[in-house]
Structure formats: structure tokens, C-alpha cells
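Asks: Return a 3D structure for these sequence lines:
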Amino acid sequence: MSKQFSALGVSAPILKALSELNIVEPTEIQQKTIPLLLSETHDVVGLAKTGTGKTAAFGLPLLQLIDTELSNVQAVILVPTRELGQQIFRNLEDFGKHIPNISIASTCGGIPIKPQIERLTQPTHIVVATPGRLIDLIQRKAVDLKQTQYLVLDEADEMVSILKESLDEIVTELPKKHRTLLFSATLPGTIKQLIQNYLNKNVVQVSANMETVGNQGIDHEYIVVDPIEKLDVLMHFLNSKDGERGIIFCKTKAAVNKLAKNLAINRFSSGALHGSLSQGIRDRIMEQFREGHINILVATDLAARGIDVKEISYVVNYHLPDTYENYVHRSGRTARAGAKGLSLTVLQEEETIEIPEFEKELGIKFTKFQKPSAISLEENNMLLWAKQIFKTKPNHDVSADLKTKVKTVFHHLTKDELVEKLMANYVLQNKVEVAEKPVKKFKK
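Replies: Take a look at the predicted model:
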């Protein structure tokens, strides 16, 4: 029987907020971590797969441990991306809304620093920050960490290289006696070194469901395609998921832009997200996705962190991720909070040798997704073409006289006859296009 939050020692104001958010049942990492943070003084390493509620695991006890009678910064939460920082900031605001006078600030990179400096002149108890921006604020003497009691490193495996360069400078600003709480989905050697260097030797390690890194609610599947049919296969899959929300991950910004353009041409409700976009545009696209105004997000790995959006039913790896950790974070965007989800990886034949390695390293099992037949792909392309016509806005620049003449050509046809002729014309045009394509000759 799982413990309720009240049995874990969570205070009444936070319990009230959780009830309003319909959060009733603590996850395993929350059950193991919350009492530990509330009643002990050790440093803690929390290992849990993506999507299992790590934010609440450290966020709820931190909110409860803050002394709101004081005006100084008492906790710093370091994150790898602004997207994740904003997500954690929103969660903490929701969890702490019934705690009188609690003050939380988000100070992440990618946006102007002056408003953040201004914000920090007010009483602030918890600061959520990216390492680079926090160091900038420290150097400008805009933030005082001399009385900070808690340092949280969230998604630590995703900011190891940043932390190697910046953690010394941040830790120097903290009092000698402080608690460090490190949370991660994976535990590579670089993180073990970080723990050894910066955490107390009496550190307590908490693990939840780490026998498999991947979320149990995710179906991991792969599909093998020829390069020439890759886009058509994706379009077929997306049509089968009409009305559902999903994320498609690409390896590069150029690939994201190209795919997003193709989706727009085919009238899919989608948006692109990558590091070269301005922060304002990224925020707007994320808000549209979060609010359900767009159903598909095409993104680089930047977006694998900080997207905690409910009801993402699928993730597509349009390109195989570079690391096992990236696969964990990508696939972890679906099947959040106990839901089910699909992680589909699109491969070329020569890439299938990677699958056993991913299975072995992550403790998951892939099944093969059945590729649609050539006829099914052709039919899907015709359906996409029909949707393009349906969603095309009328051209009001066409003269009334020409419209009348065109209508006269079709006036004797019924709707069914017109549709039949349009479909026949589509088939004819596409056959002509195929016939006109030059045939590539291969050298012997």
C-alpha cells in the first residue's frame, strides 16, 4: 500500500495545493525522498527515471523547510535548460501557493538579465537557475548565497560539462555547511566523480525503479525504412495519430526546420523548437503546445528537458539519438504520471545493429513496428493531398468572371463525380512525375 503525502510528513498548506492539483498518490521516488529530506541532514543522490515526479520529490520538502520569516535565498536549484527551469518554477509556485510569503525566482539564461536583477532585490527564498546565468548574477553581486542551505542539481547527467566548469565558483559562494541534493535519470561515471568531489562522504543514495531506466508505461518500437520513403512513412504514422499530441526529435536544427516545413505543407498542426530560435519564439511555441493549440512539436534534444506536458501520446525519434541518456530523456516525454505512451524510432537498415545495444544498456525491449505497404503509403499521400485542398483558403484575388467560367466547366458534375475526377487526376499527375524523374545509374 502506497503512503499518502500526509504520512510522509508533508504540511497542511502543501497538502491543500496537492489536493487542488489532483495529486494524491506519491510516486516511489517521492515516498523514499520526502521523509529523508524532511527528517535527516545528509546529502542525497536521487536516481529515478524521467517522468516519475522528481520535482515534487525535492520541491515539496524544500518548500516546507524554508523559513519565510527570513528574506534571504535559502535554496538554489540548478537545471540544464531554461525550459526545465521554467517548468520547475511553475511547479513550485503551484505546490507552494498556500504557504504565506513564500518567494520563488526563476533566473535562467536566454532572456534579458536586468529584470532578473531587479527581481532579486526583493525577498527571495528559492532561486531556480541555469549555472551560467547564476554565475553571471554572482559576478554582478546581484544575488547573495551566503546563507543558502540547500543546493539542488536536477538532471545532473545533462549538465555535467557545465558543472565541471562552474560548480566550484557557485559552491564558493555557499556557506560551508549546506546540503547538496543531486537528482538524475542515469548515473554515468562523470556523475559518480561529481558526487565524490562535491557531496558529503556520508551521502545517502535513493533509487526508484532503476532496474530499467526506461519508463514502464512506454512501448519502445522501431521501424526500418529506406531513406527515400522516410518522410512518407512518418506522414502515414502521423495521420494514424490524428488529434493526438506528440514530439518528433531530429538531430540537427536544419533537419527540424526542413521537417517542420513539410508538416506545414501537409497541414499538420505543428511547431519547431531548437536553440537558434529566440527565447520569445520558443516560449510562444511551448505555450501553444502546452495549451493544445498545436499537436506536434518538432525539436532537437534541447526540448527533451523541461517539457512536462500531459497527454503526449507518442515520441518519434526521426534520427537515432547520440547517447543512451538522450534516448531516456526523449522517450520520457511520453507516458508521464502513470499514463501509457509510444516511443517510435525510425531507422535505416544499417542502423538496426544499434537496437540490441540500446536494449542492453537501458534494460528495455524494442518491438518492430510494421511498415505500411506501398499502396497504403500512396493512399495516405492522397489523403494528405485532399486535406491540403480542404484547408486551403479561398483566393479572393481571382476575378469573378474567371470563377464563373471555371464553375461552368464543372457545373454538370455531382459532388461525387467531381471528387472521383480529382482523385483520378491526382493519380495521373503522380504517375507522370515518377516517370519524369531521372533514373540514377550506379557505377559498377
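Asks: show me where the stretch 251-400 of the chain has strands.
Replies: Assignment of strands within the stretch 251-400 of the chain using DSSP state E, counting those that start in this stretch yields the ranges 270-273, 296-299, 312-317, 341-347, 366-368.
Asks: Generate a markdown table for those strands, with mean neighbour count and distance to Val44 as supplementary columns.
Replies: C-beta: built from backbone N, CA, C; applies to glycine. As requested, the strands of the stretch 251-400 of the chain are arranged in a markdown table below (neighbours: other CB atoms under 10 Å; distance: least, CB to CB, whole Å):
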| stretch | mean neighbour count | distance to Val44 |
| --- | --- | --- |
| strand 270-273 | 23 | 32 |
| strand 296-299 | 26 | 31 |
| strand 312-317 | 22 | 29 |
| strand 341-347 | 22 | 29 |
| strand 366-368 | 13 | 33 |
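Asks: Mean pLDDT and distance to Tyr324 added to those, as CSV?
Replies: What follows is the strands of the stretch 251-400 of the chain, written out as CSV (pLDDT from 0 to 100; distance: least, CB to CB, whole Å):
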stretch, mean pLDDT, distance to Tyr324
strand 270-273, 91, 22
strand 296-299, 94, 19
strand 312-317, 94, 12
strand 341-347, 94, 13
strand 366-368, 93, 13
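Asks: right, so of the ones you listed, which gets closest to Gly217?
Replies: Across the strands of the stretch 251-400 of the chain, the minimum distance to Gly217, taken as CB to CB, is reached by strand 341-347, at 6.2 Å.
Asks: what sits up against the closest one?
Replies: Applying CB atoms under 8 Å, 6 or more residues apart in numbering, the set of residues contacting strand 341-347 from outside is 215, 217-225, 230, 233-234, 237, 312-320, 330-331, 334-335, 354-355, 366, 369.
Asks: same question, stretch 194-204
Replies: With contact meaning CB under 8 Å, 6+ apart, stretch 194-204 is reached by 36, 40, 42-45, 153, 156, 160, 163-164, 167, 171, 180, 182.
Asks: Helices - which of these land there?
Replies: Judged by DSSP state H, helices contain the following of the contacts of stretch 194-204: 36, 160, 163-164, 167, 171.
Asks: low-confidence ranges in the stretch 301-444 of the chain?
Replies: Within the stretch 301-444 of the chain, the segments meeting pLDDT under 70 span 303-308, 337-338, 431-444.
Asks: picking up where we left off before, now that we have the contacts of strand 341-347, which of them are buried?
Replies: Among the contacts of strand 341-347, those classed as buried by 16 or more other CB atoms under 10 Å are 215, 218-220, 222-225, 230, 233-234, 237, 312-320, 330-331, 334-335, 355, 366, 369.
Asks: For the stretch 51-200 of the chain, which residues score under the pLDDT cut-off?
Replies: Across the stretch 51-200 of the chain, the ranges flagged by pLDDT under 70 are 51.
Asks: for it, what spans make up the strands?
Replies: For the stretch 51-200 of the chain, the strands identified by DSSP E, counting those that start in this stretch occupy 75-78, 104-107, 126-129, 150-153, 179-184, in order along the chain.
Asks: Check which helices and strands the fourth one sits against.
Replies: Yep, that's strand 150-153 we're talking about. The criterion is 3 or more CB pairs under 8 Å, 6 or more residues apart in numbering; DSSP states H and E, and the helices and strands that strand 150-153 contacts are helix 54-65, strand 75-78, helix 160-173, strand 179-184.
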